[in-house]
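# quick one, fold the following:
(one chain, ligands or ions: 1)
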Amino acid sequence: MMKLDKLLTTARELDAGDPLGHFRNRFLEADGVVSYLDGNSLGRPLRATAEHLQGFVRGQWGGRLIRGWDEQWLELPERLGDELGAVALGAAAGQCIVADSTTVLLYKLGRAAVAARPGRSEIVLDADNFPTDRYVMEGIAQECGLTLRWVAADYDGGVTPEAVAAAVGPQTALAVFSHVAYRSGFLADAAAVTAVVHDAGGLVLWDLCHSAGVVPAELDAWGVDYAVGCSYKYLNGGPGAPAWAYVAHRHQEDFAQPIQGWLGSSDPFGMAQGYVPAPGIRRLVSGTPPVLGMLPIQDMVSLLAEAGLDAVRAKSVALTEYALTAVEALLVPRGVVVASPRPAERRGSHITIDHPSFKP
Ligand SMILES: Cc1ncc(COP(=O)(O)O)c(C=O)c1O
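Numbers count the residues shown, from 1 in each chain. Alright, predicted model coming up:
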């Protein structure tokens, strides 16, 4: 009881001093939900989004009809990609695009990356990577006659530069890792890991599903080749919202798009014979952009710009720190173990706890 009282007092003090506390009423309330602990799976909708979607249907879609494509919808994938890149990803303009799903973008980027390293026979990835990342790379390996080389990761940890150094070599075409591990919450040293893969002559594809919008990223400064992420977690894009991809400027001209579609071609309305890719990041697009699905992401990117990603990260660390204190006080004595890194600088925005009787 004492422990619980102390935890409650601490929580109230933290809430009272929370510089981001006033953002709470920007989000829609959910019936009976006092505290939502699943933002790492599906983020909450913003009030602004409810109005935005309704306004869009009546105003832009209903009012402008097909004129909307030329007026603003066609360029939305690049425009929103640039905004997201600037606010959350450390990416200069012209390198991010919003499209497809993470799974589809993993395929596009992975397939183009191995094509950019002909003669190399391996894709390196970690055994605890998210299933879709592993399955897509399995498929690419089968398609291209490559082998998968697995990096072992600790149950409560993730991919370290040392473990990657032991796995990469002259045979490495591509390495695929998650910035924040979906299970343990381990935050990888993306700059160091990228450098290790580059030293071996390989390319790196980072999955930022669990960090975009909550852990600041510096894709340009880290020298990243390719990155993907979803938008329905910390970017509050909503169920099935489109994903985003990053391709560094230096890889764009030779990027071999494996799903060549008309809206990523150089002249979509020319309806000509033969595919000629659009210049720059636009060639990542295959078909018609998911305009409705991009509206909520616009709202969240604006909110992140207002709040500042460093402030969001500081609050996220405070929340996971508090949760760990509570778990250690209340649950560890009952046999629960913390399956996430303890140091905040190696942790993303979620923590994992485990017990033999928990459902896997
Ligand atoms: C790390 C990671 N990659 C990929 C995905 C899923 O990809 P998709 O949005 O295509 O379902 C998830 C979903 O939670 C994920 O956590």
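
# okay, CA-based contacts and neighbour counts for the rest of this
Fine.

# which residues touch the lengthiest strand in the chain?
With secondary structure taken from DSSP state E, the chain has its longest strand at strand 172-178. Residues outside strand 172-178 that contact it (CA atoms under 8 Å, 6 or more residues apart in numbering): 110, 113-114, 117-118, 120-126, 129-130, 133, 159, 188, 197, 200-209.

# can you do 7 Å?
For strand 172-178, the surrounding residues in contact (CA atoms under 7 Å, 6 or more residues apart in numbering) are 113-114, 117, 120-126, 129, 202-208.

# next step: the residues you listed restricted to helices.
If you go by DSSP state H, those have 113-114 in helices.

# from the contacts of strand 172-178, which ones fall inside strands?
122-126, 203-207.

# output those in TSV, with distance to the ligand and neighbour count appended to each entry.
Output for the ones in strands among the contacts of strand 172-178, formatted as TSV (distance: CA to the nearest ligand atom, whole Å; neighbours: other CA atoms under 10 Å):
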residue	distance to the ligand	neighbour count
122	21	23
123	17	26
124	16	25
125	13	25
126	12	22
203	18	24
204	15	26
205	12	24
206	9	23
207	6	25
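
# now, which of those residues sits nearest residue 73?
residue 207 (26.5 Å; CA to CA).

# name whatever forms a beta bridge with the closest one.
Counting by DSSP bridges, residue 207 forms beta bridges with residue 178, residue 228.

# right, and it touches residue 179 too?
Yes - in this structure, residue 207 is within contact of residue 179 by CA atoms under 7 Å, at 6.0 Å.

# tell me, what's the model's pLDDT at the residue of the stretch 151-300 of the chain found nearest the ligand?
Shortest the stretch 151-300 of the chain-to-the ligand distance, computed as CA to the nearest ligand atom: residue-wise this is residue 209, at 4.9 Å. In this model, residue 209 is scored at 98, pLDDT.

# you'd agree it is up against residue 232?
No - in this structure, residue 209 is not within contact of residue 232 by CA under 7 Å, at 8.8 Å.

# using the three-state scheme, assign residue 210.
Secondary structure, DSSP: H, G, I helix; E, B strand; the rest coil: residue 210 is coil.

# again with residue 139
helix.

# do the one 4 residues further on as well
In terms of secondary structure, residue 143 is helix; the call rests on three-state DSSP.

# quick one on the thing from earlier: could you find the closest non-adjacent residue to the residue of the stretch 151-300 of the chain closest to the ligand?
Ranked by CA to CA, 6 or more residues apart in numbering and with sequence neighbours excluded, the top spatial neighbour of residue 209 is residue 229, at 4.2 Å.

# isn't the one you found up against residue 103?
No - contact criterion CA under 7 Å: residue 229 and residue 103 do not qualify, at 9.3 Å.

# neighbour count: these two, which is higher?
Taking neighbours as other CA atoms under 10 Å, residue 229 and residue 103 compare with residue 229 leading, 27 against 17.

# list the contacts of that one.
Residue 229 neighbours (CA under 7 Å, 6+ apart): 102, 207-209, 212, 243-245.

# in those, find the pair that's most separated.
102 and 212 (12.5 Å).

# close to the ligand: what parts of this protein are there?
By CA under 6 Å from any ligand atom, the part of the chain that sits against the ligand consists of 101-103, 130, 132, 182, 207, 209, 230.

# just the buried members of these?
For the residues of the chain next to the ligand, a burial check counting by 16 or more other CA atoms under 10 Å picks out 101-103, 130, 182, 207, 209, 230.

# good, wrapping up.
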